[in-house]
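just need the structure, nothing else, for what follows:
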Amino acid sequence: MFEGDCLVAGVGDRQLIGGDVHSIQLGPSPAPQTRTVVDLPFRVDRILCSGRGSTVFRCGRQLLLCGLVPATMAAAGLVPDIAPGTRIGPVSLSLPWPVSRFFYRAELIASSETETLCTKGMLRRALPFETVEAALSVFGTVMYLRPAAGSWVMTDLATEGQPEPVPTYPAGFLPYTIAHVNN
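Predicted coordinates:
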């Protein structure tokens, strides 16, 4: 399995992890100074995202975070009582419901079959639908989302307003598929 800064390889019953030393950090001890490959102390079923010094894995039904705690995840309450930038691993993400889809870059989008949690920076918003696609920009607080059962909507994380239907997302926004957690 390979994603971003992280590689997990199976050798018989063992799994090894390698990649960027911060993204594959498996505990609070100081990170090694070079790229390295080490035995994994837990079973990884899938690497969901890796980069910016952290990696999110699926391990059975849990989502685990290793590496540096991103500010977006800390602000969203996914790693209670752990400060942004703290080196951790593995820690189970504290999500309000079972997640069917997950996306993280600078923004975080976690969906169940009936709800979506969107965060960017210190902003957090829950929406009453499953999100399958998003169009995002590094600038501003607006997100364009496509629910599983519908057309595109626009939501501004900085306001309390309802998502507004739109025909599509504008130029300058990059589209992403919000990946199934169990695939």
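
across the sheet, point out what pairs with the most centrally placed residue in the chain.
What sits nearest the mean C-alpha location of the chain, by CA atoms, centre = their mean, is Tyr104, with 3.3 Å. Tyr104 forms beta bridges with Leu108, as assigned by DSSP bridges.

so for it, what's the pLDDT?
On the pLDDT scale, Tyr104 is placed at 89.

I'd guessed it sits against Ala71; true?
No - here Tyr104 does not reach Ala71: they are 11.9 Å apart, not a contact under CB atoms under 8 Å. (C-beta placed from N, C-alpha, C; glycine too.)

for stretch 91-111, which positions count as buried?
91, 93, 95, 99-105, 107-111 (16 or more other CB atoms under 10 Å).

can you check stretch 115-127 too?
Glu115, Thr116, Leu117, Cys118, Thr119, Lys120, Leu123, Arg125, Leu127.

format those residues as a markdown table; extra columns: pLDDT, distance to Pro175 and secondary structure.
Below are these laid out as a markdown table (pLDDT from 0 to 100; distance: CB to CB, whole Å; DSSP: H, G, I helix; E, B strand; the rest coil):
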| residue | pLDDT | distance to Pro175 | secondary structure |
| --- | --- | --- | --- |
| Glu115 | 95 | 21 | coil |
| Thr116 | 95 | 16 | strand |
| Leu117 | 94 | 20 | strand |
| Cys118 | 94 | 15 | strand |
| Thr119 | 91 | 19 | strand |
| Lys120 | 90 | 16 | strand |
| Leu123 | 90 | 21 | strand |
| Arg125 | 92 | 19 | strand |
| Leu127 | 95 | 18 | strand |
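
which one of these is nearest Thr86?
Checking those against Thr86 with CB to CB, the nearest one is Thr119 at 17.8 Å.

mind putting the buried residues of stretch 115-127 into JSON lines with distance to Gln62?
Output for the buried residues of stretch 115-127, formatted as JSON lines (distance: CB to CB, whole Å):
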{"residue": "Glu115", "distance to Gln62": "19"}
{"residue": "Thr116", "distance to Gln62": "20"}
{"residue": "Leu117", "distance to Gln62": "17"}
{"residue": "Cys118", "distance to Gln62": "22"}
{"residue": "Thr119", "distance to Gln62": "20"}
{"residue": "Lys120", "distance to Gln62": "24"}
{"residue": "Leu123", "distance to Gln62": "26"}
{"residue": "Arg125", "distance to Gln62": "24"}
{"residue": "Leu127", "distance to Gln62": "24"}
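
no further queries at this time; thank you.
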